[in-house]
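Engineer: need coordinates for the below:
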Amino acid sequence: MAKTFTCTIVSPTEKLLEDEVTFASIPLWDGLLGVLPGRAPIVAALGTGALRIDFPDEGSAEGGSRYYFIDGGVCKMGDGKLTIVAESAIPAERIVTAEAREELQRAESMRIEDEGDLEKRRVARERRAHAIEAARQKLRLAESRAGKGI
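Structural biologist: Okay, the predicted model is just below:
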């Protein structure tokens, strides 16, 4: 069995990674998925949270982990390749803690109109809840990775 697999991470605006990795911890819509070399094929919907990618510690490679904030999309594992197509993906080192705090405050202050269509209010509540959870996850990742670099 191979010791690594190819991992590609793309968002609508950029290709963030294409490299050999040893492990991936992926936030799915219904929990975390751990991926090791030789994993059976799978296609899954991404959720919101921290994506962790571990690199090999061989030869000139230094190993270690990289983290990304992921929000929505899909992932596919097959033929020794993991492809993550995220609606939003941000490397942890690009997340500014103060901006994440402001994003959380904005999400928490979102108002839901008391009048009008029940379906529209339900959708607005779901959007607000998602915005709050995404901002909390982003802030948690920024605070945990602060000062640690890549």
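
Engineer: ok, which stretches of the protein are strands?
Structural biologist: Assigned by DSSP state E, the chain shows strands spanning 5-10, 15-21, 23-28, 31-35, 42-45, 48-55, 64-78, 81-91.

Engineer: relative to Lys120, which of those strands is closest?
Structural biologist: Shortest distance between Lys120 and the strands of the chain, using CB to CB, is found for strand 64-78: 21.4 Å. C-beta coordinates here come from the backbone N, C-alpha and C atoms, glycine included.

Engineer: just checking: what are the partner strands of that closest one?
Structural biologist: Strand 64-78 pairs in its sheet with strand 42-45 (antiparallel), strand 48-55 (antiparallel), strand 81-91 (antiparallel), by DSSP bridges.

Engineer: distance to Gly31, mean pLDDT and mean neighbour count added to those, as JSON lines?
Structural biologist: Putting the strands paired with strand 64-78 into JSON lines (distance: least, CB to CB, whole Å; pLDDT from 0 to 100; neighbours: other CB atoms under 10 Å) gives the following:
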{"stretch": "strand 42-45", "distance to Gly31": "10", "mean pLDDT": "97", "mean neighbour count": "13"}
{"stretch": "strand 48-55", "distance to Gly31": "10", "mean pLDDT": "96", "mean neighbour count": "21"}
{"stretch": "strand 81-91", "distance to Gly31": "16", "mean pLDDT": "97", "mean neighbour count": "18"}
